[in-house]
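Colleague: how would this look folded up:
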Amino acid sequence: MRKLITLTLPIFLYACANVNMVPHDVAMVDFDAPEGKTGWSQYQHVETFHGYTTDQIYDAAKVALGSAGFSLRMADKSKGAVIGEHGMTAHDWNVIAGVYFKEEENTTKVKIIAEGSKDIGFSGDVTSDGWTGKILRAMRQYLNETHQTILKVNKADIE
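Modeller: Okay, here's the model as predicted:
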């Protein structure tokens, strides 16, 4: 029994997602790479945000990971990266998600990479659970609620 546990434990540990599975710097991220399911249990999504600074996107990324149930594992504004870990789900031992951002002209590009555990399970790889979409939706909601531009209208202009 001990031999079986000793032999299978490394396999289980290898199958778990860990923070080292995603880049720690935006410079290591390819924003032009294919999106969607891009590996055994990896999902990627890119979105462009107009009218927001990198400071605002950085704050939104941290809030969005928390809203999606992730614990913050690394956040470095100078590296353009925020990484979180989600605990066990019905289909995964754990999930790691990285939010990467960079300024481009008058916009901020954001890429989310979600990496799940490498287990097969009864239903195969079902890691996605829409993690990238959930995080992006939470980012948009946070930005709309906290940084929405208020238009000031001069009454003399509309008379």
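
Colleague: Without its sequence neighbours, what residue ends up closest to residue 132?
Modeller: Leaving aside its sequence neighbours, residue 132 sits nearest to residue 45 (Cβ to Cβ, 6 or more residues apart in numbering; 3.8 Å). C-beta here means a position set from N, CA and C on the backbone, and glycine is covered the same way.

Colleague: and the one you found, what pLDDT?
Modeller: Residue 45 carries a pLDDT score of 92 in this model.

Colleague: close enough to count as contact, it and residue 136?
Modeller: Yes. Applying Cβ atoms under 8 Å, one finds residue 45 in contact with residue 136, separated by 6.4 Å.

Colleague: Now do the shared contacts for the two.
Modeller: Common neighbours of residue 45 and residue 136, using Cβ atoms under 8 Å, 6 or more residues apart in numbering, are residue 112.

Colleague: Settle it for me: which of those two has more neighbours?
Modeller: Each of residue 45 and residue 136 has its neighbours counted (other Cβ atoms under 10 Å); residue 136 has more, 22 against 17.

Colleague: For the more buried one, give its distance to residue 88.
Modeller: 23 Å (Cβ to Cβ, to the nearest Å).

Colleague: do residue 37 as well
Modeller: In this view, residue 37 and residue 88 are 21 Å apart by Cβ to Cβ.

Colleague: mind showing which ranges of this structure have poor pLDDT?
Modeller: Across the chain, the ranges flagged by pLDDT under 70 are 1-21, 38-40, 89-92, 118-129, 148-159.

Colleague: which residue ranges form the helices in it?
Modeller: Counting by DSSP state H, the chain has these helices, from start to end: 2-15, 54-67, 131-146, 155-158.

Colleague: Provide the contact partners of the second one at residue level.
Modeller: By that I understand helix 54-67. Contact partners of helix 54-67, identified using Cβ under 8 Å, 6+ apart, comprise 49, 52, 72, 75, 77, 80, 82, 84, 97, 99, 101-103, 108, 110, 134-139, 141-143, 146-147.
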